[in-house]
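*Asks:* Here is my input; please provide its structure:
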Amino acid sequence: MLLLIFTILWFLTLNYFLYTLFKILLFRNVLNPKKQKPVNHFPFVSIIIPARNEEHNIRRCITSLLSQSYPADRYKIIVVNDNSIDATESIIKELASNDNKVHLINKGEPEPEWTGKNSACNEGSKHAGGDYICFIDADTKSETDLIKISVSYAEENKIDMLSVSPFQELGSFTEKCLLPGIFLAIASSMNFKNINNPVKPEAIANGQFILFRKSVYDDIEGHNSVKSIVMEDIALAEVVKHNGYRLFFIFGDDLIRTRMYTKLSEIWEGFSKNIAVIMKTRTFFTTFLSSLKSIFIGLAPLIIPLFLFFNQDSYSLYTLSFFGVGFTSLFILSFFSLRAMGVSPLYMIFFPVGFTFHSIISLSSIFKQKKGRTEWKGRKY
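*Replies:* Residues are numbered from 1 along each chain as shown. Purely as a prediction, here's the structure:
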């Protein structure tokens, strides 16, 4: 009887999870290059890239932005070297010497109460001009039509802050094992319909690409309004909505891509600083419930068969029925999710690991935030 109850609870939790993801897929907006109208108007765009120790990424990022189909005289690239100790500065200088659209700004340590990225973005904004200001992370690669289509979409839909979420590249074995489960768990906490609804309070953004109408950015005091907040993208989105401006979150699978983390230590450090904020679980209790849900979904498909194998008296047709339908649903979810991420479906056997890791890292994230121990790129906040 206990096993049957356990199985039913797992079945209900899993199906709530699937229902949430179904709503996400239903309201998931994608910036489609093929559906965008021809562009006749090209507002001037200032692109700002904050870069701290990005020697492995910065060349790819800047080179892709130099290859934009947007008119060359209608945009410039401002790269803020955030006190890097690697070859980041020399690479930027080399690229700037070959193309006058690239401008290097060297930035020292952030001022008191400022995070490093916010300080770098704020510094870059002082040198920005034109109609739009676009913040792009150094670990991204842009397709040639990214700026043209993003600006056109913002103009056409009267959007004040457009956040385009990149396609996530997964390269190493560790990434493919852990990140799909983490991404799915994060996605289950989002309501894209409400995020893009001006009358709803929900707000979220992906700091890897944010396009602001410059007048709006200046009006909300830009990064100065969120200077001490590590998750500046979500904070900016909340400020924009609170002030009555139009926020829009959209996926740019065919326009921009990123590979955020390449190894376990980077995944741990990166998500430890922000996953509780992303999932809106900002208390120990709500984070614990979210973590419990993930570990329950991930481990129950292993625990139930083992329990049945070692306890034949627990055999029940009802238990097998609930487990069979639930496992089939989980299989379908895993298969199509991995395909969408460009990962072999064989990695579905690691979904329990990914969900479990999400649970652990979520608890670590909320603990660090409550204790004031957030760390990122060698800095403590």
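
*Asks:* quick check: mean pLDDT across stretch 126-141?
*Replies:* Stretch 126-141 carries an average pLDDT of 96.

*Asks:* Any buried residues in it, and which?
*Replies:* Residues 128, 131, 132, 133, 134, 135, 136, 137, 138, 139, 140, 141 are the ones in stretch 126-141 that count as buried (16 or more other CB atoms under 10 Å). All C-beta spots, glycine's among them, are computed from the backbone N, C-alpha and C.

*Asks:* buried set for stretch 95-109?
*Replies:* Buried-residue list, stretch 95-109, by 16+ other CB under 10 Å: 95, 96, 101, 102, 103, 104, 105, 107.

*Asks:* Secondary structure and pLDDT added to those, as JSON lines?
*Replies:* JSON lines is the format used below for those (DSSP: H, G, I helix; E, B strand; the rest coil; pLDDT from 0 to 100):
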{"residue": "95", "secondary structure": "helix", "pLDDT": "97"}
{"residue": "96", "secondary structure": "helix", "pLDDT": "96"}
{"residue": "101", "secondary structure": "coil", "pLDDT": "96"}
{"residue": "102", "secondary structure": "strand", "pLDDT": "97"}
{"residue": "103", "secondary structure": "strand", "pLDDT": "97"}
{"residue": "104", "secondary structure": "strand", "pLDDT": "97"}
{"residue": "105", "secondary structure": "strand", "pLDDT": "96"}
{"residue": "107", "secondary structure": "strand", "pLDDT": "91"}
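
*Asks:* Farthest pair within those?
*Replies:* The most widely separated members of those, counting by CB to CB, are 101 and 107 (19.7 Å).

*Asks:* hey, where'd the strands end up in the stretch 151-300 of the chain?
*Replies:* Ranges of strands in the stretch 151-300 of the chain, per DSSP state E, counting those that start in this stretch, are 161-168, 209-213, 247-258.

*Asks:* now the second one, how far from the centre of its chain.
*Replies:* Same thing as strand 209-213. Computed by CA atoms, centre = their mean, to the nearest Å, the chain-centroid distance of strand 209-213 equals 15 Å.

*Asks:* Now do that strand: which elements does it pack against?
*Replies:* Applying 3 or more CB pairs under 8 Å, 6 or more residues apart in numbering; DSSP states H and E, one finds that strand 209-213 contacts strand 132-136, helix 146-156, strand 161-168.

*Asks:* do you know which of the strands of the stretch 151-300 of the chain lies nearest residue 68?
*Replies:* strand 247-258 (10.9 Å).

*Asks:* before we move on, the earlier item: deepest of the helices and strands packed on strand 209-213, which one?
*Replies:* Ranked by mean neighbour count, those are led by strand 132-136 with a mean of 27 (mean count of other CB atoms under 10 Å).

*Asks:* how far off strand 247-258 does that one point, in degrees?
*Replies:* 50 degrees (axes from the mean of the first three to the mean of the last three CA atoms, to 10 degrees).

*Asks:* Which strands or helices does the very next helix or strand once past strand 132-136 pack on?
*Replies:* Going down the chain from strand 132-136, the next helix or strand is strand 140-142, by DSSP states H and E. On a contact count with 3+ CB pairs under 8 Å, 6+ apart, strand 140-142 meets helix 58-66, strand 247-258.
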